[in-house]
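Visitor: Let's see this in three dimensions:
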Amino acid sequence: MDRLFLDANVLFSAAWRGNSGLLRLWKLPGAELVSSAYAIDEARRNITDTGARARLEALLAETTIVAEGSLAALPPHPTLASKDRPILAAAIRAGATHLITGDRKDFGRLCGRRPGGVLVLRPADYLESRKP
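Guide: Modelled structure (predicted):
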């Protein structure tokens with residue numbers, strides 16, 4: 001079973017449009033969706049539309065909230081922004097198989113790599129990998 005850690009931008013984007021293709025993540029067999037309070041708080045801060053807020057809360061009801069990780073336990077990565085270090089730390093601590101992020105600016109250099117054993121992928125790349 002894949003354990004997918006969802007970054008804030010994935011949560012935000014899935015909730016923003018009621019017909020988002022990202023909603024497929026919540027329907028995948030053999031995938032457990034997890035995120036952290038840190039990522040969830042960031043998504044909530046950025047959603048002001050009441051419909052999108054309601055969609056976010058519905059998605060979170062089907063997402064496991066995991067504990068924050070230790071920043072001291074992170075593998076060294078000089079290009080990872082300080083605001084994104086808690087995301088990677090939580091994904092590692094949660095035992096996630098994948099960190100799903102649309103953040104090309106900060107996580108782009110990590111896409112396709114496994115820092116701390118977590119494969120960093122964009123949502124489209126992960127969904128493509130699951131096609132039969």
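Visitor: what separates the residue located most distally from the centre of the chain from Pro29, distance-wise?
Guide: The outermost residue of the chain relative to its centre, with distances by CA atoms, centre = their mean, is Pro132 at 23.0 Å. Distance of Pro132 to Pro29, given as CB to CB, to the nearest Å: 12 Å. Quick note: C-beta positions are derived from backbone N, CA and C, even for glycine.
Visitor: Also Leu110?
Guide: Remark: distance between Leu110 and Pro29 (CB to CB) = 27 Å.
Visitor: Ok, Thr50 next?
Guide: For Thr50, the distance to Pro29 (CB to CB) stands at 32 Å.
Visitor: cool, His98 as well?
Guide: Distance of His98 to Pro29, given as CB to CB: 15 Å.
Visitor: quick one: which of those two has more around it?
Guide: When His98 and Pro29 are compared for neighbours, His98 comes out ahead with 21 against 6, by other CB atoms under 10 Å.
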